[in-house]
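A.B. asks: Predicted model, plus sequence, below.
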Amino acid sequence: MITGKCECGKVAFEVEAVRETVTVCHCSQCRRISGHTWACTHAPTDKLHFSNKDGLEWYESSGFARRGFCKYCGSSLFYQTKGDGNIAIAAGSLNGPTGLTVGKHIFVKDKADYYEIHEDEPQISRF
């Protein structure tokens, strides 16, 4: 079982298993939501269980997806495509050690100009 939480603890969860890799998104929306890049892993939605969701709020970020965050501390925690049986979980919200590795970078065409991506990590221009 893997556990995670927001900064203040008003959203806490456990998940039975997550994908072993992290996807790093560089699109402008993810950069604004997270303050830099959005790094996440995935799990089936029905494998995610909340021990505290007092602070959990959802933001409809597009016509096809929503984002979960803590309304108290502002932690960006989840991304979910409507109708999908999976949920993206912010890698930074997981309690370590996680054993996760970066699997790929997406929307690299939109990345900011103040950082570089390691050349040996897979990169996808869009998604």
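C.D. replies: That came in fine, so what should we check first? Numbering: from 1, shown residues only.

A.B. asks: Could you double-check that K111 sits in contact with Q123?
C.D. replies: No - judged on Cβ atoms under 8 Å, K111 makes no contact with Q123 at a distance of 9.3 Å. To be clear about C-beta, it is placed using only N, CA and C from the backbone, and glycine gets the same treatment.

A.B. asks: who has more neighbours, these two?
C.D. replies: Taking neighbours as other Cβ atoms under 10 Å, K111 and Q123 compare with K111 leading, 19 against 16.

A.B. asks: shared neighbours of K111 and Q123, anything?
C.D. replies: Both K111 and Q123 are contacted by H105, I117, under the criterion Cβ atoms under 8 Å, 6 or more residues apart in numbering.

A.B. asks: Any idea what the residue most central in space within the chain is bridged to?
C.D. replies: In the chain, the C-alpha nearest the mean C-alpha coordinate belongs to A90, at 2.8 Å (Cα atoms, centre = their mean). A90 has these beta-bridge partners by DSSP bridges: C40.

A.B. asks: How far does stretch 20-33 stretch from one end to the other?
C.D. replies: 23 Å (Cα to Cα, to the nearest Å).

A.B. asks: what residue ranges in the protein score low on pLDDT?
C.D. replies: Residue ranges of the chain with pLDDT under 70: 127.

A.B. asks: can you map out the strands along it?
C.D. replies: All strands of the chain, identified by DSSP state E, fall at 2-5, 12-15, 21-25, 38-44, 48-52, 56-60, 65-70, 76-81, 86-90, 101-106, 123-124.
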